[in-house]
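J.: from the sequence below, what's the structure:
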Amino acid sequence: MSGAGWIRVPVGDDSARWATRGRSLKVLLVVHNVTSATRLLDIMPLFDDDFRVQLLVTCTESSAFRSGVEELLAGTGVPVLPWEQAVETPVSLAVSASFGGQLPDIIGHLAILSHGIGYTKRLATPNTQHPTAGGGGSEVGGPVFGMSPEWLLDEHGVPVADALVLSHPEQYERLRAACPEAAATAVLAGDPCWDRILAARPYRERYRRALGVRTGQRLVLLNSTWNPESLFGDGGGDDVLPSLLPRLASEFPADEYRFAAVLHPNIWHGHGPGQIRAWLDRARRAGLALIDPLHGWRQSLIAADAVIGDHGSVTYYAAALGTPVLLGAAPLSGLAPDAPVHDFVRDAPRLDPTLPLRIQLERVVRDHRPGPEPAEFISSAPGESATRLRRLFYDALGIPEPDEPALLEPLPLPPYEPPSHTVPLVVLTRLLGAGEIEVTRYAGPHPPADSTGELHTAAHEDTRETHQLALADVVFRHGEPDDPRFGSPEQWTTEALSLHPQCALTAYVSGPADCTVRTRDGELLALHAESGADTDPSAYATALYAWLAAGKSLDELITQGLTVRTGGIAHRATVTRR
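T.: Reported below is the predicted structural model:
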């Protein structure tokens with residue numbers, strides 16, 4: 001029996017004729033949507049190097065969030081079965097990270113993992129019309145997803161899963177109370193996602209450098225789960241995020257804070273990546289990093305100094321890492337009241353959008369005393385999930401485990417993504433002494449009312465706000481020193497002065513420590529950060545402008561050097577005539 005789109009190799013009616021290794025045991029990975037697939041990607045390496053096993057993958061086609069799934073499945077490089085073929089194909093083991101779809105139809109031993117921090121949210125089953133459904137990922141009074149008979153048992157009252165993977169005994173106690181019929185299927189096997197995070201913690205500084213976080217900067221992560229009551233949602237009473245984003249740019253100095261956003265895959269694939277980028281366009285041009293929801297969020301979480309989040313798993317992982325957390329959304333009604341995350345959301349500090357943001361964030365960081373509970377409740381067997389899960393899987397397959405240790409993949413080092421401020425920068429400067437200038441730059445048009453100092457504007461040549469180039473005192477850009485489109489830094493600075501006749505100074509940043517500057521009176525200067533200095537070289541250019549605008553001597557800087565202070569940290573640079 002076969003249907004349209006069914007594959008013929010390595011499974012199918014005549015697969016024995018075509019398969020080179022046809023005697024392998026078949027392991028089927030069952031994907032509900034991109035979110036659940038992330039946990040399956042975690043455990044796929046447990047089958048590496050075993051010629052006895054053939055991996056297959058399928059999608060239940062039952063999720064509302066279908067975008068991105070086809071590309072993800074193709075990216076695994078594993079044969080993809082249409083769902084209709086998957087449920088007609090006997091397998092030795094099937095692994096899912098969701099209860100979505102007609103899982104009872106699978107022919108084979110079924111293991112189900114959580115795709116978050118255990119099972120904490122209420123969600124009505126697809127065939128349930130719950131009268132108080134909130135329309136999102138959590139529903140008031142609905143059954144707890146993965147921890148209630150509605151999800152755990154089939155229509156005959158038989159457990160859907162042959163093995164229900166839990167990460168902590170507290171989940172087992174809740175399972176036994178809520179659905180004793182499924183208690184016998186429970187297996188304590190830890191959390192592979194958490195284990196990969198723990199193993200990557202020694203590389204925190206590398207992840208920070210990948211995001212362009214400089215010495216003295218704080219990395220603040222904005223995190224949102226999906227549904228209307230989340231930080232990104234518009235159904236929780238106050239629609240916080242649209243008003244929050246411009247305030248982050250106006251209240252936090254760009255050289256002292258770096259912001260990044262980790263959004264749930266269901267936000268990305270529900271509304272579309274293009275729409276997400278459009279909604280966050282100005283925030284991104286003001287320096288917000290938009291983190292890949294599949295491959296980069298854990299590294300960013302490890303790198304963060306603070307998190308503004310909500311009731312989702314990522315925020316709870318942050319708390320488990322000991323990172324200060326400020327909740328911008330904190331709905332309790334859609335959470336299981338006996339789950340540890342409920343207590344965390346109830347007790348964690350709240351963001352008050354009516355008050356200054358920086359004061360609140362700095363207070364949370366200053367007063368933070370990490371508690372042991374979040375980490376304790378994520379996994380009772382930290383570092384052991386690979387060993388426990390592989391043992392579970394191979395017991396189901398009925399063959400001995402490989403001799404080599406069970407290992408998860410290390411988190412990859414993300415690509416280098418320094419902040420790019422292409423919105424015009426409001427710059428406040430104060431001359432502190434001989435060759436020393438304090439620089440405070442904001443990527444928002446309205447700096448705090450109590451700000452002090454001389455004000456000027458610095459604009460990236462590629463700014464979308466082209467009308468503001470005519471108002472800029474400093475025009476700058478970043479580029480390679482040998483980019484043929486600009487000729488050379490020296491040539492570009494000359495052309496930019498001609499193109500923007502109102503500006504007093506142009507600056508070409510050609511590396512993390514180097515900047516070529518040309519003044520309106522024709523001086524060509526090289527600014528080079530000394531050892532230990534670590535700020536955006538365009539800040540040196542704005543400091544130089546402030547020094548010259550105050551009538552100070554250029555020769556004095558050439559002789560003794562330039563000191564730029566950002567957030568109380570001194571950065572030394574040499575000034576050389578070219």
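J.: how about the strands in the stretch 151-300 of the chain?
T.: 163-166, 186-188, 218-224, 257-263, 289-290 (DSSP state E, counting those that start in this stretch).
J.: what's the burial count for residue 329?
T.: By the measure other Cβ atoms under 10 Å, the count of residues near residue 329 is 27. To be clear about C-beta, it is placed using only N, CA and C from the backbone, and glycine gets the same treatment.
J.: from residue 364, how far off is it?
T.: 16 Å (Cβ to Cβ, to the nearest Å).
J.: go on, residue 202?
T.: According to Cβ to Cβ, residue 202 and residue 364 sit 25 Å apart.
J.: and stretch 9-27, end to end?
T.: Using Cα to Cα, to the nearest Å, one end of stretch 9-27 lies 14 Å from the other.
J.: got the buried residues for it?
T.: 10, 11, 12, 19, 24, 25, 26, 27 (16 or more other Cβ atoms under 10 Å).
J.: show only the entries of the residues you listed found in strands.
T.: Those of the buried residues of stretch 9-27 mapping onto strands are 25, 26, 27, per DSSP state E.
J.: contacting residues around the second one?
T.: Neighbouring residues of residue 26 by Cβ atoms under 8 Å, 6 or more residues apart in numbering: 10, 11, 54, 56, 89, 90, 91, 92, 93, 108.
J.: quickly find the element holding the fifth one.
T.: Following DSSP states H and E, one finds residue 89 outside all helices and strands.
J.: any idea how far residue 506 is from the closest residue to it other than its chain neighbours?
T.: Spatially, and ignoring its direct neighbours in sequence, residue 89 is nearest to residue 11 (5.2 Å; Cβ to Cβ, 6 or more residues apart in numbering). Residue 11 sits at a distance of 64 Å from residue 506 (criterion: Cβ to Cβ).
J.: returning to that earlier point: next, format the strands of the stretch 151-300 of the chain as a markdown table and append mean pLDDT, mean neighbour count and distance to residue 454.
T.: Formatted as a markdown table, the strands of the stretch 151-300 of the chain follow (pLDDT from 0 to 100; neighbours: other Cβ atoms under 10 Å; distance: least, Cβ to Cβ, whole Å):
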| stretch | mean pLDDT | mean neighbour count | distance to residue 454 |
| --- | --- | --- | --- |
| strand 163-166 | 98 | 26 | 61 |
| strand 186-188 | 98 | 17 | 63 |
| strand 218-224 | 98 | 24 | 26 |
| strand 257-263 | 98 | 24 | 22 |
| strand 289-290 | 98 | 22 | 30 |
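J.: for residue 533, find the nearest of the ones you listed.
T.: strand 257-263 (17.4 Å; Cβ to Cβ).
J.: how far off strand 218-224 does the closest one point, in degrees?
T.: Put simply, strand 257-263 runs at 20 degrees to strand 218-224, going by axes from the mean of the first three to the mean of the last three Cα atoms, to 10 degrees.
J.: please export the C-alpha coordinates of strand 257-263 as PDB.
T.: Extracted C-alpha coordinates of strand 257-263, given in PDB (Å, rounded to 0.1, in the frame of the first residue of the first chain):
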ATOM      1  CA  TYR A 257      23.700  48.400  27.600                       C
ATOM      2  CA  ARG A 258      23.200  45.800  24.800                       C
ATOM      3  CA  PHE A 259      19.700  44.400  24.200                       C
ATOM      4  CA  ALA A 260      18.700  41.100  22.500                       C
ATOM      5  CA  ALA A 261      15.400  39.500  22.000                       C
ATOM      6  CA  VAL A 262      14.500  35.700  22.200                       C
ATOM      7  CA  LEU A 263      11.000  35.100  20.900                       C
END
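J.: mind listing what it pairs with, with the direction of each?
T.: Strand 257-263 has its sheet partners listed here by DSSP bridges as strand 218-224 (parallel), strand 289-290 (parallel).
J.: compare these and give me the one nearest residue 301.
T.: strand 218-224 (6.5 Å).
J.: just the CA trace of that closest one, in CSV.
T.: Taking C-alpha atoms only, strand 218-224 is exported to CSV below (Å, rounded to 0.1, in the frame of the first residue of the first chain):
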residue,chain,number,x,y,z
ARG,A,218,25.2,44.8,30.4
LEU,A,219,23.5,42.4,28.2
VAL,A,220,19.7,42.5,28.8
LEU,A,221,17.6,39.8,27.2
LEU,A,222,14.0,40.4,26.3
ASN,A,223,12.2,37.0,26.3
SER,A,224,8.6,36.2,25.3
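J.: what sits up against it?
T.: 208, 211, 213, 230-233, 241, 252, 256-264, 267, 288, 300-301, 303-310, 312, 314-315, 318, 328-329, 361, 365.
J.: settle this for me: residue 323 is touching residue 308, isn't it.
T.: No: assessed by Cβ atoms under 8 Å, residue 323 is found out of contact with residue 308, at 11.0 Å.
J.: who has more neighbours out of the two?
T.: residue 308 (30 against 23).
J.: wait, is that one part of a strand?
T.: Yes: with DSSP: H, G, I helix; E, B strand; the rest coil as the criterion, residue 308 is located in a strand.
J.: so for it, what's the pLDDT?
T.: The model reports residue 308 with a pLDDT of 98.
J.: got it, and the one 4 residues further on?
T.: Reading off the confidence values, residue 312 has pLDDT 95.
J.: residue contacts, it?
T.: Taking Cβ under 8 Å, 6+ apart as the test, what residue 312 contacts is 116, 223, 224, 225, 226, 230, 264.
J.: mind redoing it with 10 Å?
T.: Listed by Cβ atoms under 10 Å, 6 or more residues apart in numbering, the contact set of residue 312 reads 116-117, 120-121, 137-138, 223-227, 230-232, 262-264, 329, 341, 345.
J.: ditto for residue 75
T.: 37, 41, 294.
J.: what's the neighbour count on residue 270?
T.: For residue 270, the neighbour count with other Cβ under 10 Å is 18.
J.: what's the answer for residue 575, then?
T.: 23.
J.: the helix or strand harbouring it pairs with which strands, parallel or anti?
T.: Using DSSP H and E, residue 575 maps to strand 569-577. Applying DSSP bridges to the sheet, strand 569-577 is found paired with strand 524-529 (antiparallel), strand 562-566 (antiparallel).
J.: residue 419: which of those is closest?
T.: When the strands paired with strand 569-577 are compared (using Cβ to Cβ), the closest one is strand 562-566, at 13.3 Å.
J.: where do the helices of the stretch 1-150 of the chain begin and end?
T.: 15-18, 34-43, 69-76, 83-86, 149-152 (DSSP state H, counting those that start in this stretch).
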